[in-house]
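Trainee: This is the structure alone, sequence omitted:
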């Protein structure tokens, strides 16, 4: 109960605790047994209550509102029953219809590599506001990321020095490992789909 009161207070005021701005980056193998640097994935471990806040507010509540209001287009295939095969099958059907009707059509196969790391906070904040997220929750999450001090864990232990944490050089992105990152990318890309 104390934890829920604390997270509620942080969400309402937009003032996160300083410890939320500490992250530990670990490198995980994408393919088991292959420890080549270019085959590793950097995941940020953040405070548990910070990640809980992000998952609850953005990953659950925001998506419930967005789906209820019809703000997530069907083209996203983000419903729980949807699969990658559904999107592939839809692409085939659309191509067939375009060919039969002799209508021009273009398909873009884009790998959104590093998409979580490329998100601009100004634009993401506007998308969150459009999805009815409170300003306190938005400020608490984005401020913590902007001032995040990133430490690194390797086989030799944890680094003593960090990058980030500089008010004059704030960082953007939503961080791999953040519970809000998948929902954030889904809503941002939904806005892009709806614009076009």
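Mentor: On my side now, so go ahead. The shown structure was predicted, so the numbers you read here are calculated from the model rather than taken from an experiment. Numbers count the residues shown, from 1 in each chain.
Trainee: isn't residue 131 right up against residue 65?
Mentor: Yes. Judged on C-beta atoms under 8 Å, residue 131 makes contact with residue 65 at a distance of 6.3 Å. To be clear about C-beta, it is placed using only N, CA and C from the backbone, and glycine gets the same treatment.
Trainee: Looking at these two, which is more packed in?
Mentor: Neighbours per residue, other C-beta atoms under 10 Å: of residue 131 and residue 65, the larger number sits with residue 131, 23 against 13.
Trainee: now stretch 29-42: mean pLDDT?
Mentor: Rounded to a whole number, the mean pLDDT of stretch 29-42 is 83.
Trainee: Between its first and last residues, how far does that stretch reach?
Mentor: Terminal residues of stretch 29-42 are spaced 9 Å apart (C-alpha to C-alpha, to the nearest Å).
Trainee: what's the offset of that stretch from the middle of its chain?
Mentor: Put simply, stretch 29-42 sits 21 Å off its chain's centre (C-alpha atoms, centre = their mean, to the nearest Å).
Trainee: Stretch 123-130 now?
Mentor: 13 Å.
Trainee: low-scoring stretches of the chain, by residue?
Mentor: Applying pLDDT under 70 to the chain flags residues 1.
Trainee: Tell me which residue is most central in it.
Mentor: residue 181 (1.3 Å; C-alpha atoms, centre = their mean).
Trainee: Phi and psi next, for it.
Mentor: Phi and psi for residue 181, reported as degrees, to the nearest 10, are phi -60, psi -50.
Trainee: just to revisit the earlier point, joint contacts of residue 131 and residue 65?
Mentor: The overlap between the contact sets of residue 131 and residue 65 (C-beta atoms under 8 Å, 6 or more residues apart in numbering) consists of residue 71.
Trainee: Return the residue spatially closest to the residue nearest to the centre of the chain, with its sequence-adjacent residues excluded.
Mentor: Closest residue in space to residue 181, ignoring its immediate chain neighbours: residue 174 at 4.0 Å, by C-beta to C-beta, 6 or more residues apart in numbering.
Trainee: Can you report how many residues lie near the one you found?
Mentor: 27.
Trainee: for this protein, longest helix please?
Mentor: Assignment by DSSP state H gives helix 84-101 as the longest helix of the chain.
Trainee: all helices for the chain, in order.
Mentor: Secondary structure of the chain by DSSP H: the helices cover 2-13, 48-54, 63-68, 84-101, 121-130, 135-146, 181-195.
Trainee: what residues does the last one touch?
Mentor: Applying C-beta under 8 Å, 6+ apart, the set of residues contacting helix 181-195 from outside is 58-59, 62-63, 66, 71-73, 75-76, 78, 112, 115-116, 119, 123-124, 127-128, 130-131, 174-175.
Trainee: List the buried residues in it.
Mentor: Within helix 181-195, the residues scored as buried using 16 or more other C-beta atoms under 10 Å are 181, 182, 183, 184, 185, 186, 187, 188, 189, 190.
Trainee: circling back: restricted to buried residues, select the contacts of helix 181-195 in PyMOL.
Mentor: A single PyMOL command is used to select the members of the contacts of helix 181-195 judged buried by 16+ other C-beta under 10 Å:
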select buried, resi 58+59+62+63+66+71+72+78+115+116+119+124+127+128+131+174+175
